[in-house]
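Engineer: The following comprises the amino acid sequence and a computationally predicted model.
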Amino acid sequence: MNPTRTRRTLGAGAATLVAALSVGTAAVPAHAADHQLKVFPASGSLQIPSQPVAPPRSGENVFLRIGRTGTGAVSDVKLALDVSGLDGLATLEAPGCTTAGKVITCTVGRLDQDNINITTNLWLSAVPGAKPGSSGTVRATLSAPGAETGTADFRVDVGTATFRTHKPTSKGDAKVGSKLPSDLEFANHGELPAKRAIVHADLSAGLTVDTWPSNCEYAVDKGQSWGKDAPMPTVHGICTIDGEIAPGQAVKLNGLDITVGPDAYYTTVDYGVFATADAYGTGWLDDLRKRLTFKPGTGAPATLAKSAGDGIPAGNDTNGYSTEQEVLADNSADFQVAGGWAPDASGAAGTLTTGMSDNGPASIYDRSGGEGAPNVVVQLPEGVTVTSLPPTCVANDYVRGKKSDKPLNKFACDGVGTSFMPAGASITHKLGLRLPAGTGELVATVSLQNEQSSYEDGHPSAVMPWDRNPANDLLKVTLRPAAPAGGGTGTPVSDRTTAAAPEPATGATATPSAAANAAAGGALADTGSSATLPLAGASAAAVALGTAALIGSRRLRARRNG
């Protein structure tokens, strides 16, 4: 589930943890311990087939996380796995660890994290003759000198009902306001029949369900901030659909219609399908229920219809219960740069206000990272001195991605976000400036720069595909006008804006822009590169993507977190 946000909105999530039925700590005198150690399997059982998966195998099918309370590192940490509860049921492989009797001991070494994956690739395999439906338990113990010991048990189920999904078809050019019938298919690849299917649907920003089915419950999650991004709202639905699904049988979900909202552009529906409420992968659903208030649906119940199951992969991929559907709405978002100059009484100094806004109607989730507008770039005239620079701005002495051998008097300031930019959100930066002596005209250029355009000449050289009004992505702000034609020194003026920028949406990352200047014509010959983001080898090709190509390229670049 949630392979990209993932994580962004759900953290460690289902693909990383197995379930814990009990978590405790061994009794150690409190005064003797500086830290308490913990083992974190998620609630639920680990399900393995009764037929062992033949080598070669990669990765692991047992996911454990460990941590310590307090501050500072704990040294000489060891993880012991007591597998006596698996006798006659399964064996546990632990590369690099030692075995004494029924206990496998792995060296962790130094631990300086509250919650982190173990590095040993653990693999459980059923023993020949293990009966489908049988269960056993593994006890994990984390210990170190001078620290309280942590323990956790997790259950292992053999030969259960196990669902594997088919990735739904990506939806391109989806009309705002249209409904997308559910396109989820899955099959029981386990060895026992399932009595029901528990379907979790995770709807990203811009997608809604007008009326949830009566056998579903749903909750709205405002999301969490990650880095410079505003929180991305999500809707979670959990549907329990009764009815036997035999081993090998494939079904299709009906009755869950998803509406494309007015703020949709690129967005996703993530699905997870489970045979039981405590199956491997369901642990984070318990966390959702603790954190959010779920409401029952009131519409006609969702149903399952038999299908041919074409395209559902065979095998027992440990993450095969989850999949994702991508949606690209026929929508747009007008990104606009803002700026204005306010001189002080002397006329020789003042404040340059810059910023940007997403004027909507769409919120932009740009998880590919290269096409967004994460920076407001300010090019100052020669001789202008920066007297105060906000922490949201840094010097940007780059040309086409390469650092210049001299300062360029150019600065990059944070945009509305790096991956998620809500409709209506805006941000403002204030730079204190001092002007050089003289009477010559001084003009600052302010522009929006994405990662691709930072490697090319001109602006906008890499047009953001959602922005159909690129003219207001660049403006010129007069810091000092040219001297009058008849001579004299002229009078410094305040180059203020003509239209107020929108108020920030809930969760916006900064205050609203002071104003949005009318865009100036011309091109910015030197766009430079972002000093606020890591540079990547962006393509020099212009972004002129059709719907299918855009969805395809996003899919290739999207799964950063697995």
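Structural biologist: Perfect, thanks for sending it.

Engineer: buried sites along stretch 296-314?
Structural biologist: 297, 299, 302, 304, 307, 309, 312 (16 or more other Cβ atoms under 10 Å). Yep, even glycine has a C-beta here, placed from its N, CA and C like the rest.

Engineer: close enough to count as contact, Gly355 and His429?
Structural biologist: Yes: using Cβ atoms under 8 Å, Gly355 makes contact with His429 at a distance of 5.9 Å.

Engineer: and for the two, which residues touch both?
Structural biologist: 376, 413 (Cβ atoms under 8 Å, 6 or more residues apart in numbering).

Engineer: ok, the buried residues of stretch 296-314 vs Arg468, which is closest?
Structural biologist: Proximity to Arg468 was ranked across those by Cβ to Cβ; first place goes to Gly299, at 35.8 Å.

Engineer: For Pro128, give me its contacts.
Structural biologist: Pro128 sits next to Pro52 when contact means Cβ under 8 Å, 6+ apart.

Engineer: Tell me the secondary structure at it.
Structural biologist: When classified by DSSP: H, G, I helix; E, B strand; the rest coil, Pro128 comes out as coil.

Engineer: And it, how far from Ser134?
Structural biologist: Distance of Pro128 to Ser134, computed by Cβ to Cβ, to the nearest Å: 13 Å.

Engineer: Which residue ranges of the stretch 201-350 of the chain form helices?
Structural biologist: Shown for the stretch 201-350 of the chain, the helices assigned by DSSP state H, counting those that start in this stretch span residues 283-291.

Engineer: what helix or strand does Gly417 sit in?
Structural biologist: Assessed by DSSP states H and E, Gly417 sits outside every helix and strand.

Engineer: Give me the nearest residue to it, chain neighbours excluded.
Structural biologist: Excluding its sequence neighbours, the residue lying closest to Gly417 (Cβ to Cβ, 6 or more residues apart in numbering) is Asp229, at 4.4 Å.

Engineer: thought Pro301 was touching Asn215?
Structural biologist: Yes: at 4.4 Å, Pro301 and Asn215 qualify as touching, with contact defined as Cβ under 8 Å.

Engineer: Now the common contact residues for these two.
Structural biologist: With Cβ under 8 Å, 6+ apart, Pro301 and Asn215 have common neighbours Ile241.

Engineer: For the residue nearest to Gly417, give its distance to Val176.
Structural biologist: Using Cβ to Cβ, we find Asp229 at a distance of 23 Å from Val176.

Engineer: So which of these two has more stuff around it?
Structural biologist: Asp229 (21 against 17; other Cβ atoms under 10 Å).

Engineer: Point out where this protein drops to low pLDDT.
Structural biologist: Applying pLDDT under 70 to the chain picks out residues 1-33, 42-44, 56-58, 226-227, 315-318, 369, 458-461, 485-562.

Engineer: the more surrounded of Gly355 and His429?
Structural biologist: Taking other Cβ under 10 Å, Gly355 and His429 do not tie; Gly355 has more neighbours (29 against 26).

Engineer: The more buried one sits in which helix or strand?
Structural biologist: Using DSSP H and E, Gly355 falls in strand 349-361.

Engineer: can you check Gln51 too?
Structural biologist: For Gln51, there is no helix or strand it lies in under DSSP H and E.

Engineer: Report the beta-bridge partners for the nearest residue to Phe40 once chain neighbours are set aside.
Structural biologist: Spatial nearest neighbour of Phe40, excluding adjacent residues (Cβ to Cβ, 6+ apart): Arg65 at 4.1 Å. Taking DSSP bridges as the rule, Arg65 bridges to Phe40, Asn117.

Engineer: returning to what we had before: how close does the residue nearest to Gly417 sit to Gly438?
Structural biologist: For Asp229, the distance to Gly438 equals 43 Å [Cβ to Cβ].

Engineer: again with Lys406
Structural biologist: Using Cβ to Cβ, Lys406 is found at 22 Å from Gly438.

Engineer: ok, the two, which is more surrounded?
Structural biologist: Taking other Cβ under 10 Å, Lys406 and Gly438 do not tie; Gly438 has more neighbours (11 against 6).

Engineer: who's in contact with the more buried one?
Structural biologist: Contacts of Gly438 were listed using Cβ under 8 Å, 6+ apart, and they are Gly383.

Engineer: From the structure, what's the count of residues near Thr385?
Structural biologist: Using other Cβ under 10 Å, Thr385 has 12 neighbouring residues.

Engineer: Might one say that it is in contact with Gly432?
Structural biologist: No: with contact defined as Cβ under 8 Å, Thr385 does not reach Gly432; the gap is 9.2 Å.

Engineer: Now do the contacts for Asp366.
Structural biologist: Taking Cβ under 8 Å, 6+ apart, we find Asp366 in contact with 266, 372, 418-421.

Engineer: What does it show for phi and psi?
Structural biologist: Here is the backbone geometry of Asp366 (degrees, to the nearest 10): phi -110, psi 80.

Engineer: could you measure it against Val39, distance?
Structural biologist: Computed as Cβ to Cβ, the Asp366 to Val39 distance reads 37 Å.

Engineer: before we move on, back to that, the residue nearest to Phe40: neighbouring residues, count only.
Structural biologist: The tally of other residues near Arg65 (other Cβ under 10 Å) stands at 20.

Engineer: Same check on Asp278?
Structural biologist: Residues lying near Asp278 (other Cβ under 10 Å) number 17.

Engineer: now Gly88
Structural biologist: Residues lying near Gly88 (other Cβ under 10 Å) number 10.

Engineer: Report the contact partners of it.
Structural biologist: So Gly88 contacts 127, 130 (Cβ under 8 Å, 6+ apart).

Engineer: so is it in a helix, a strand, or just coil?
Structural biologist: Assigned state for Gly88: coil (three-state reduction, three-state DSSP).

Engineer: Torsion angles phi and psi at it?
Structural biologist: Torsion angles, degrees, to the nearest 10, at Gly88: phi 70, psi 10.

Engineer: residue contacts, Thr354?
Structural biologist: Counted by Cβ under 8 Å, 6+ apart, Thr354 has contacts 337-339, 376, 378, 413, 428-429, 431, 446.

Engineer: Please report how far the closest residue to it other than its chain neighbours lies from Thr234.
Structural biologist: Spatial nearest neighbour of Thr354, chain neighbours left out: Gly339 (4.6 Å); criterion: Cβ to Cβ, 6+ apart. Applying Cβ to Cβ, one obtains 34 Å for the distance of Gly339 from Thr234.

Engineer: Between the two ends of stretch 88-105, what distance do you get?
Structural biologist: With Cα to Cα, to the nearest Å as the measure, stretch 88-105 spans 21 Å from end to end.

Engineer: for it, which positions count as buried?
Structural biologist: Going by 16+ other Cβ under 10 Å, stretch 88-105 has these buried residues: 89-90, 92-94, 97, 104.

Engineer: same question, stretch 214-230
Structural biologist: Within stretch 214-230, the residues scored as buried using 16+ other Cβ under 10 Å are 215-219, 221, 223, 226, 228-230.

Engineer: Identify the farthest-apart pair in those residues.
Structural biologist: Maximum pairwise distance among these (Cβ to Cβ): 39.7 Å, between Asn215 and Lys228.
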